[in-house]
Each structure stands twice: as C-alpha cells, then as structure tokens.
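Trainee: Generate a structure from the sequence data that follows.
(2 chains)
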Amino acid sequence: MCATPQLFAFVPQSGGVEIPASDEGREYAYRVLPNGMTVLVVSDPVATKSAAAVSVRAGSYDEPTNLPGLAHFLEHMCFMGSESVR
Amino acid sequence: MCVPYSALQIQQKFDEASVPDWFALVTSHPRVLGSQFPDEEGWHKWVAANGGMSNAFTAAEETRYFFEVKAEQLREALDRFAGFFTSPLLKEEGAARELLAVDSEHAKNKQNDMWREMQLDRSTANPAHVHNRFATGDSKTLRDEPQASGIDVRAALLEYHNSNYHAGRMYAVVVGKESPAELLEMASARFGGVRSEGAEKQLYPSDPYGEERTAVVQYMLPLKETRRLNLKWALPPASKHWRSKPLNLLSHLIGHETKGSVAQFLREKGWSVGLSCGELDSAESLSSFGVIIDVRSESGSESESGSG
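Mentor: You can find the predicted model right below:
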C-alpha cells in the first residue's frame, strides 16, 4: 500500500468539481452558503451507508501557549451537546 | 513493507482504521458524546443503533468531526450532527468527564513510542514556534496548572471557539444516496445556521526548528524492544500541491522495495528489515517528510554494522 495511483487520476465534471476516477458513478456538487460555509455533496444512488464530515480550519497551533491541549479539549466539549432539541 | 503515513492519506481515504494509531499528527478519541438529548451518550448511542460510527480528531491546523450511518438515516443524522456546530452548548457539567477522557487518551499515548517520538520532536522545536506544543493535553495542563495560576479554562474554551469556529473556516462534506440537489438542500438547511463572525485563519512560519535544531541527532530510549533510525526534513507546506502530490511521489521513489531500491540495498547489507517513508507533519503552514528505517537484522537482533 505504498502508492495510491488512483488518487492522481481525475476526470472533469460539471459544476467546477473534479471527481476522482475511483469515484466513477457518483455525482459531486458544492455550494458556498450565505454564511460563508462551503458544502460539498457526493451523491451515490446505490450507497447503503451515508456519511458526513465537518472540517474546521483550526487546531492545536491556534491554541494559547498557556493552555496546552485546549483545541483538543474543545473538540471533546463540542460533541457533548447542542440546543436544537427536536 | 512500505507504509506511508501521510496525513493527506487520512484526508483522502477518510479512513482512520488504515492509519497506524501512532500517527504523529492527530489526537483522536474513540468516544463521541451525544447531542440533542439530555443524556450525553445520546449521539453515540443513536449512531451505533443505526449501524454507524462517529469520531473526531484535532490536528495542528484542522479539527475534523465525522460520522457514518445507514443511508436511510442521513436526514436525521444531519439534524443531530449540525447542532454541534450551529448551537453548541459546551456544557460545564460535562467538562470534568471530558477531561477524564482526554486524560486517558494521553495515558494511552504515553505508552506508545511513536507518540513519544512525536512529542520529543515537538518539545525540542523552536520554543517560539507553535509546533512546540503538547497538543493532547491532560488534567495537569487543562485543570491543575491553570487553576494554580488563575486562568479561566472555560473562558479560554469559549474564546477559542468564538474566534475559530465560524462558517468561513468550516467545510462540510455529505455523502448520501439522494440526488445532488437534495443533498445540497439538506446540508444548506442544516449548516446555514452556523455563525459567520470570527477571526481569519492565521498562518505560521514553515520552519518549526530554526538553525539551532537543523542537522541535529536525537536519541530516544524506546519502551518497546525496537531500533529505528528516523530522518526528518522540514518543508514548506505541500497541501497546496494537493493535485500533483509531490510528497506521495517522493514517498514512492524512496519507499518502494523492488530491485535497486534503498530498502533492498539496506536489506542486502543486513542493515535493515524495513523502511517506510512519507509526509509526517501535514499542516496548512508547514510540511515535513520522514524516512523511518527499521535497523534490525533478519534474525531479529539489531544491526551494528549499519550504525556507522
């Protein structure tokens, strides 16, 4: 598992999103929301699982020097609860 | 066997399981607590009950949260998941418990030579550079020491969240069986509520060592019976070359094991039984490339002749 050649090959796709060759049969689309958040969706009609990820451009480099681990601690705290109870 | 350990591969393959747990960049945790339930285990339980998984990791300049559930459950999963970002509570009651979780992560990491190597690298970096960090944290750095010096950890958490967690610095990917239009609608409705105010991403110098720590040799006593030679080069960030992937190419050239390869040469000399290489630190501000040579002979004892 040294090289991952399939990741080098891209095929063009409408909507300004390039789809990896390994993702043939899937459709991609993206949008920048009014609040500035970028959302990319991958449509796979035969998928049995669905998935999502949120990436925040911030990490341990961005934490104050006097609180080592603060960014990591916040990661734990974020997954703990939210207000939007259904 | 060549095992590349590039962070980009984590991002590309979206598969933590394929990455050794010693991987130098991330501080991941196995437990994810729930949202939108009074009970903190809610999210975790719900995901598990729907044939899925969820996790998160904190890297140098990125924090990522993710999950997988049955395709039919995407809408409801997004309802719950997006709540973490549109209206996080950061409940004080849960802090002590999460600190224990962080503590046990560090206790686990401390027993792992790769984590120890990573911390040695970080602790001996230029003290003025952000790479010089203890990124996992524990109850000493996040409770006892701040308490002793009168630092309000909760206020610091909120301040970090306020300046860094905003829509302009957040990216979502959603995979599902619905049409692209449906998926976009679904995601937009849920992530549209993420706050847009906050600070710009700050970038950092690409050399975390400086002259003093360039061309130095460090010796580390491992916990396990192992002999390794690690070579590391600090590099400008490779992430902007995501398309051509120069470090993947380099990893292949240096790490392949066919005729005429470095690995084969070392093996024939009886100096090494394995070589792996790849991108080590993969951040927005910097990259590094590493070669790890397992300097044991085929019989299992370490090679002396290779140490010159």
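
Trainee: For residue 3, report the pLDDT, please.
Mentor: Using chain A here. pLDDT, residue A:3: 33.

Trainee: oops, chain B please
Mentor: For residue B:3, the model assigns a pLDDT of 31.

Trainee: same check, this time on residue A:80
Mentor: So, for residue A:80, pLDDT stands at 73.

Trainee: what's the neighbour count on it?
Mentor: 23 (other C-beta atoms under 10 Å in any protein chain shown). Heads up, the C-betas are built off the backbone N, CA and C, glycines and all.

Trainee: Which helix or which strand is home to it?
Mentor: Secondary structure assignment for residue A:80, by DSSP states H and E: no helix or strand.

Trainee: My understanding was that it contacts residue B:94; is that so?
Mentor: Yes. Between residue A:80 and residue B:94 there is a contact at 4.6 Å, judged by C-beta atoms under 8 Å.

Trainee: thinking residue B:205 is in contact with residue B:285, fair?
Mentor: Yes. Contact criterion C-beta under 8 Å: residue B:205 and residue B:285 qualify, at 7.2 Å.

Trainee: List phi and psi for the spatially most central residue of chain A.
Mentor: Centroid check for chain A by C-alpha atoms, centre = their mean gives residue A:53 as the closest residue, at 4.3 Å. Phi and psi for residue A:53, reported as degrees, to the nearest 10, are phi -140, psi 150.

Trainee: Which element, helix or strand, includes the closest residue to it other than its chain neighbours?
Mentor: Spatial nearest neighbour of residue A:53, excluding adjacent residues (C-beta to C-beta, 6 or more residues apart in numbering or on different chains): residue B:66 at 3.8 Å. Secondary structure assignment for residue B:66, by DSSP H and E: strand B:63-70.

Trainee: packing partners for that strand?
Mentor: strand A:49-56, helix A:70-78, strand B:53-58, helix B:74-86 (3 or more C-beta pairs under 8 Å, 6 or more residues apart in numbering or on different chains; DSSP states H and E).

Trainee: where does chain A have low pLDDT?
Mentor: For chain A, the stretches with pLDDT under 70 are A:1-16, A:81-86.

Trainee: Would you pull up the residue in it closest to chain B?
Mentor: Per C-beta to the nearest C-beta, residue A:69 is where chain A lies closest to chain B, at 1.3 Å.

Trainee: dump the residue contacts of that residue.
Mentor: Taking C-beta atoms under 8 Å, 6 or more residues apart in numbering or on different chains, we find residue A:69 in contact with A:60, A:63, B:102, B:134-138, B:141-142.

Trainee: How far away from the center of its chain is stretch B:196-213?
Mentor: Stretch B:196-213 sits 17 Å away from the centroid of its parent chain (C-alpha atoms, centre = their mean, to the nearest Å).

Trainee: List the buried residues for that stretch?
Mentor: B:198, B:204, B:207-209, B:213 (16 or more other C-beta atoms under 10 Å in any protein chain shown).

Trainee: Next: stretch B:65-73.
Mentor: By 16+ other C-beta under 10 Å, the buried positions in stretch B:65-73 come out as B:65-69, B:71, B:73.

Trainee: where exactly do the strands run in the stretch 151-300 of chain B?
Mentor: B:170-176, B:228-235, B:274-282, B:287-294 (DSSP state E, counting those that start in this stretch).

Trainee: how far does stretch B:120-135 sit from the chain's center?
Mentor: Offset of stretch B:120-135 from its chain centre (C-alpha atoms, centre = their mean): 16 Å.

Trainee: Stretch B:172-182 too?
Mentor: That offset, for stretch B:172-182, works out to 26 Å (C-alpha atoms, centre = their mean).

Trainee: Is any residue of it near chain A?
Mentor: Yes. Against chain A, stretch B:172-182 shows contacts by C-beta under 8 Å from any C-beta of the partner chain at B:172-182.

Trainee: Now for residue B:96, how many residues are close by?
Mentor: 10.

Trainee: Distance of it relative to residue B:234?
Mentor: Distance, residue B:96 to residue B:234, using C-beta to C-beta, to the nearest Å: 38 Å.

Trainee: Residue A:20 now?
Mentor: Following C-beta to C-beta, the distance that separates residue A:20 from residue B:234 is 29 Å.

Trainee: Kindly report the same for residue B:215.
Mentor: 11 Å.

Trainee: Which one of these two is surrounded by more residues?
Mentor: residue B:234 (19 against 7).

Trainee: List the residues that contact the more buried one.
Mentor: Counting by C-beta under 8 Å, 6+ apart, residue B:234 has contacts B:206-209, B:214, B:286-288.

Trainee: Can you name the two of those residues that sit furthest apart?
Mentor: Across these, no pair lies farther apart than B:214 and B:287, at 15.7 Å, counting by C-beta to C-beta.

Trainee: Now do the domain split for chain B, please.
Mentor: B:31-191, B:211-307 (automatic domain parsing).

Trainee: would residue B:117 count as being in a helix?
Mentor: Yes. According to DSSP: H, G, I helix; E, B strand; the rest coil, residue B:117 belongs to a helix.

Trainee: Send over stretch B:84-104 as PDB, restricted to the C-alpha atoms.
Mentor: The C-alpha trace of stretch B:84-104 is given here as PDB (Å, rounded to 0.1, in the frame of the first residue of the first chain):
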ATOM      1  CA  PHE B  84     -23.000  20.600  17.400                       C
ATOM      2  CA  PHE B  85     -21.900  23.500  15.100                       C
ATOM      3  CA  THR B  86     -25.000  25.700  15.000                       C
ATOM      4  CA  SER B  87     -25.700  25.700  18.700                       C
ATOM      5  CA  PRO B  88     -23.000  24.000  20.800                       C
ATOM      6  CA  LEU B  89     -23.700  24.100  24.500                       C
ATOM      7  CA  LEU B  90     -20.200  23.300  25.700                       C
ATOM      8  CA  LYS B  91     -21.900  22.400  28.900                       C
ATOM      9  CA  GLU B  92     -19.900  23.000  32.000                       C
ATOM     10  CA  GLU B  93     -21.300  19.800  33.700                       C
ATOM     11  CA  GLY B  94     -19.700  17.600  31.100                       C
ATOM     12  CA  ALA B  95     -16.200  19.200  31.300                       C
ATOM     13  CA  ALA B  96     -14.900  17.100  34.200                       C
ATOM     14  CA  ARG B  97     -15.900  13.900  32.400                       C
ATOM     15  CA  GLU B  98     -14.400  15.000  29.100                       C
ATOM     16  CA  LEU B  99     -11.200  15.900  30.900                       C
ATOM     17  CA  LEU B 100     -11.000  12.400  32.100                       C
ATOM     18  CA  ALA B 101     -11.400  11.200  28.500                       C
ATOM     19  CA  VAL B 102      -8.600  13.500  27.400                       C
ATOM     20  CA  ASP B 103      -6.500  12.200  30.400                       C
ATOM     21  CA  SER B 104      -7.000   8.600  29.400                       C
END
